[in-house]
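*Asks:* have a look at this prediction, sequence included:
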Amino acid sequence: MPERPMLVLTATGGQGRAVTAGLLDRGAEVRALVRDPGSPAAQALRRRGVEVVPGLLDDAHSLTAAMRGVAGVFALTTPFEAGAEAEVAQGRAILAAARAADVGHLVFSSVAGATQRTGVPHFDSKAIVEAEVRASGLPYTILGPTYFFDNALGGYQQILTGTLDLPLPGDRPLQQLARSDHGAFAAEVLVHAEKYVGQRIELASDAPTPTRMALALSEIVGREVRHNRVPLDAIGNADMHAMWAFLNGTGYQVDIPALHAAHPEIAWTTFASWAQQTFGGQS
């Protein structure tokens, strides 16, 4: 176990919370970079013994200060607040800070499929950041999460009233990932850096079809949940339209059995287990 802390960027977000939990479960010391150190989420981290520091993904100065003296960094970028160019700028700020702080291991969370030339804008922006990570000279590991189970929560109320909206055929498997599995895997990579430096690893917990998802949800919520295949033409956001067109076509290419066999230390949550934890007691 490294004696110095691990730094988790955006530690109060979905990915950051899961990685922080994974590190704490392994007994690691954690430093968390957050936008608002006074927020309830940041205060909750402090109560768990996490060192909380302020910073922003596009502010190399605050990133450098946060990175000094750490054993490794979990980093991610996002286009969903200010666009793809802003995401690339975040990646460059993170890399500049990591070089200035002489970080020993950078774990970058990208997206599965980013190297497939998909034409999905938020995949392509991450591909640019990935290329710059590889060219940076820093010891790195790149993780590629698939579609998160939690994305279904955007339709939480519709599910409770009997509809699962997904723009896929009912029999089309969708590779998905539990945030807890992602966090545990990232923590494993940070704690055992020597095993993972220089690798790019795509992650998926399960690959249920929409029909199977609806059946699992029906059993849990106590009423029939039907899959509603949303037409692609109904998706007005160009980025999301491109993503769902990709998922209806080539889609993610994770070799799930090989991944799980190689990493038995990860729980690898099924969709049904996640749904039980999330929707259980809602009937």
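*Replies:* Good, I have the coordinates. For clarity, every value in this text was computed on a predicted model and none was experimentally measured.
*Asks:* list the contacts of the helix ranked longest in the chain.
*Replies:* Identified as the longest helix of the chain according to DSSP state H is helix 84-100. For helix 84-100, the external contacting residues (Cβ atoms under 8 Å, 6 or more residues apart in numbering) are 9, 57-60, 63-64, 66-67, 73, 75, 77-79, 106, 108, 121-122, 124-126, 128-129, 132-133, 136-138. In this view, the C-beta of every residue, glycine as well, is placed from N, C-alpha and C.
*Asks:* only whichever of those residues are buried, select them in ChimeraX.
*Replies:* In ChimeraX, this line selects whichever of the contacts of helix 84-100 come out buried by 16 or more other Cβ atoms under 10 Å:
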select :9,57,58,59,60,63,64,66,67,73,75,77,78,79,106,108,121,122,124,125,126,128,129,133,136,138
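*Asks:* tell me which strands the next helix or strand after the longest helix of the chain pairs with, and in which orientation.
*Replies:* Using DSSP states H and E, the helix or strand that follows helix 84-100 towards the C-terminus is strand 106-109. According to DSSP bridges, strand 106-109 has the following sheet partners: strand 72-76 (parallel), strand 140-145 (parallel).
*Asks:* about what we covered before: average pLDDT for the longest helix of the chain?
*Replies:* Mean per-residue pLDDT for helix 84-100: 94.
*Asks:* ok, now stretch 128-138?
*Replies:* Stretch 128-138 comes out with an average pLDDT of 96.
*Asks:* starting at the chain centroid, how far to it?
*Replies:* Centroid separation between stretch 128-138 and its chain, computed with Cα atoms, centre = their mean, to the nearest Å, is 19 Å.
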